[in-house]
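# sequence below, structure please.
(chains A and B)
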Number of protein chains: 2
Amino acid sequence: MRATLIYGAGDVRVEDVPDPRLHEPTDAVVRVLRSCVCGSDLWPYGAKEDATEGDRIGHEFLGVVEEVGSEVSGLVGGDVVVAPFVWADNTCDFCTEGLQTSCRHGGQWGAPGVDGGQGEAVRVPQAQGTLVKLPVGEDSTLLPSLLTLSDVFPTGHHCAVTARVGPRTTVTVIGDGAVGLSAVLAAKRLGAERIILMGRHTDRTDLGREFGATDVVAERGAEGVEKVRELTDGDGTHAVLECVGLKPALETAFGVVRAGGVVSRVGAPQYSDVPMDGGLFMRNITLTGGVAPARAYIEELLPDILDGAVEPGRVFDRTVGLDEVPDGYRAMADRKALKVLIRP
Amino acid sequence: MRATLIYGAGDVRVEDVPDPRLHEPTDAVVRVLRSCVCGSDLWPYGAKEDATEGDRIGHEFLGVVEEVGSEVSGLVGGDVVVAPFVWADNTCDFCTEGLQTSCRHGGQWGAPGVDGGQGEAVRVPQAQGTLVKLPVGEDSTLLPSLLTLSDVFPTGHHCAVTARVGPRTTVTVIGDGAVGLSAVLAAKRLGAERIILMGRHTDRTDLGREFGATDVVAERGAEGVEKVRELTDGDGTHAVLECVGLKPALETAFGVVRAGGVVSRVGAPQYSDVPMDGGLFMRNITLTGGVAPARAYIEELLPDILDGAVEPGRVFDRTVGLDEVPDGYRAMADRKALKVLIRP
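Down below sits the predicted model:
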């Protein structure tokens, strides 16, 4: 089959790889209907050292079950399924607590010996725990929104949940990428009273407004902090959803959070030290978030997609075939596309 | 009257100062029955730059109301009261949310124009919001435990509450000072299943065991982390209560926290960067805590002291008169005393 590999910064290739087949009785093989490129794929795309062998890449996909191992129940060939962005048994103590990203028998797509999502098919380890059956056909118009259940929508939701967003919460969302916009949508869905979106790409912030943002702040850094404070009588907001992953974004987050408030970060951190000094201690600021256990949220979020209450798939603004995946990466890296959908 | 002033590192003096009197109709004057020295007083005691004028110091006291302003209701002369370690109106939005440390009309003891707690008497701003009446007499044997409601017991409690300690929670407490031991007591009171106390002063950790610690780890640094992990099948504990305030203690905290867990810090941070890298992000670790809104917790903690269910006053292992306060500081700085009680 054909699949995407990354060889180094800016060097993504679609190549022939072995067809996936069952290795373990807990495996399934899924033919991919839709995959996509993640903002976090852009970190290795921007900085990976060149290598002679490529690594498989892509961790978001939905598809059709082709074959299941002897220990997989509840799934049969022909089922349309979505996979969260890590695989997990969904039965260990961490999974039971809703932290499937720390599953004792789980792992990452694209790891050695494991397929990536940006290909024609995937061997799915721990298939029974990992895959969630979707009550739609292969030609459903909902596929883009359903694909966001792999990662980007649950990631925004995780950010909002860990930041304790609910009715009467004021929220700042930092970042107008697909995760930031998903965080806006999630905060709105959880009833947030006010959602200030910090971003400077008008086409994106316009979608953010449609997703529920009540205010948009285009300024960055100290000026952006000042603007958010002006909008909130000097106090800042109860919750700040940091959807970028860079240190300046985190500094902005600490600048706009209200005393007693929560900063949640879901942008993969490109820093190792958090600037959290005595001032933040005196203001009782909490820093939470982390890699989202998407699997924990799929059953909760799915009905709202099925009934059209939310349309998280609107973050996809370009669709490519598998052979055009390198173009898709380039478009996202150049900010010409918000998020690229792949139809293998 | 006599009161304590700090002039510089190692330079604490008891001197004559003006008698407190009502300035605002919201003030009260309280004659101090008991005060004490806080671990956080040792930071300026260790590092303050020399000055020609001293600063008033001390933020924990209980006493007898001598006089109240015209706008203070619910308090009369003769009432025995305890003061939390910041004063607050207890009616603003932050106070209503239980964050009296961010009160819109509050402030710190010992600030310019405000008395400190380590003296014979104190003018109490926002007296109605700040002071809590205690149903005991001036000669109650409970005074030491009731005095801990000013700071050290609610601080340990805040640490445990913000770290989400409850039944079935496993807890590591870092630090065997008075705050650490109070955190043990608070975690036990909240039903923690297991409490690992990290400390190396046997007399203190022995009291920690009496307060509820199920295990004591004397090792520090990587060795201490290893020990806690051994005790928890390699996982670490759900909650980590960081009661020191130094960066190595925080590093230890991140080393012993279980995936999905919470580190809460109540030791005044002597660092400005938190080492919170991508690994902690992948494990969904939360950092919370901060300066404790003691006022928010007094009504909840008081009954357990009155009925003897808890005895937080056992952290006091030395008592001095007001003129001996400099000796008390020295004893605490030299680790010859755990916490020093002052009887003016």
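
# C-alpha from now on. contacts and neighbour counts both.
Fine.

# pull the contacting residues for the spatially most central residue of chain A.
Within chain A, one residue has its C-alpha closest to the average C-alpha position: by CA atoms, centre = their mean, that is residue A:152, at 2.6 Å. For residue A:152, the contacting residues are A:38, A:178, A:179, A:182, taking CA atoms under 8 Å, 6 or more residues apart in numbering or on different chains as the criterion.

# so which of those are in strands?
Cross-referencing those against strands under DSSP state E gives no overlap.

# dump those residues to a markdown table, plus neighbour count, distance to chain B and pLDDT.
Supplementary listing: those in a markdown table, determined by neighbours: other CA atoms under 10 Å in any protein chain shown; distance: CA to the nearest CA, whole Å; pLDDT from 0 to 100:
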| residue | neighbour count | distance to chain B | pLDDT |
| --- | --- | --- | --- |
| A:38 | 21 | 17 | 95 |
| A:178 | 25 | 19 | 97 |
| A:179 | 30 | 16 | 97 |
| A:182 | 30 | 19 | 98 |
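
# want to throw these into CSV with distance to residue B:88?
Shown next, in CSV, are these (distance: CA to CA, whole Å):
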residue, distance to residue B:88
A:38, 48
A:178, 43
A:179, 40
A:182, 39
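
# go through the residues you listed and flag which are in helices.
The helices in this structure, assigned by DSSP state H, contain A:178, A:179, A:182 from these.

# can I get the residues you listed in a markdown table with distance to residue B:64?
Shown next, in a markdown table, are the ones in helices among the contacts of residue A:152 (distance: CA to CA, whole Å):
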| residue | distance to residue B:64 |
| --- | --- |
| A:178 | 60 |
| A:179 | 57 |
| A:182 | 56 |
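
# residues in contact with stretch A:138-151: which ones?
When contacts are taken as CA under 8 Å, 6+ apart, the neighbours of stretch A:138-151 outside the stretch itself are A:33-35, A:59-64, A:80, A:82-85, A:154, A:292, A:294-295, A:298, A:301-302, A:305-306, A:311-314, A:316, A:341.

# quick one, strands of the stretch 151-300 of chain A?
In the stretch 151-300 of chain A, strands defined by DSSP state E, counting those that start in this stretch lie at A:170-174, A:194-198, A:215-217, A:237-242, A:257-265, A:273-275, A:286-289, listed in chain order.

# what angle sits between the longest one and strand A:170-174?
The reference is to strand A:257-265. 50 degrees (axes from the mean of the first three to the mean of the last three CA atoms, to 10 degrees).

# can you tell if strand A:257-265 touches chain B?
Yes. In this structure, strand A:257-265 sits against chain B according to CA under 8 Å from any CA of the partner chain; the contacting residues are A:259, A:260.

# from the chain's centroid, how far away is that strand?
On the basis of CA atoms, centre = their mean, to the nearest Å, strand A:257-265 sits 21 Å off its chain's mean C-alpha point.

# write out the residues of the stretch 1-150 of chain A neighbouring chain B.
Within the stretch 1-150 of chain A, the positions lying close to chain B (CA under 8 Å from any CA) are A:99, A:101, A:102.

# export these as CSV, with columns for pLDDT.
Formatted as CSV, the entries for these read as follows, by pLDDT from 0 to 100:
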residue, pLDDT
A:99, 98
A:101, 98
A:102, 98
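
# any chance of CSV for those residues, columns secondary structure?
Below are those laid out as CSV (DSSP: H, G, I helix; E, B strand; the rest coil):
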residue, secondary structure
A:99, coil
A:101, helix
A:102, helix
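
# go through those residues and give me the one with the most neighbours.
Among these, the one with the most neighbours (other CA atoms under 10 Å in any protein chain shown) is residue A:101, at 29 neighbours.

# go ahead and confirm that residue touches residue A:291.
Yes. Taking contact to mean CA atoms under 8 Å, the distance of 7.2 Å between residue A:101 and residue A:291 places them in contact.

# find residues that contact each of the two.
Overlap of the contact sets of residue A:101 and residue A:291 (by CA under 8 Å, 6+ apart) consists of B:282, B:283.

# what's the burial count for residue A:317?
By the criterion of other CA under 10 Å, residue A:317 has 12 neighbours.
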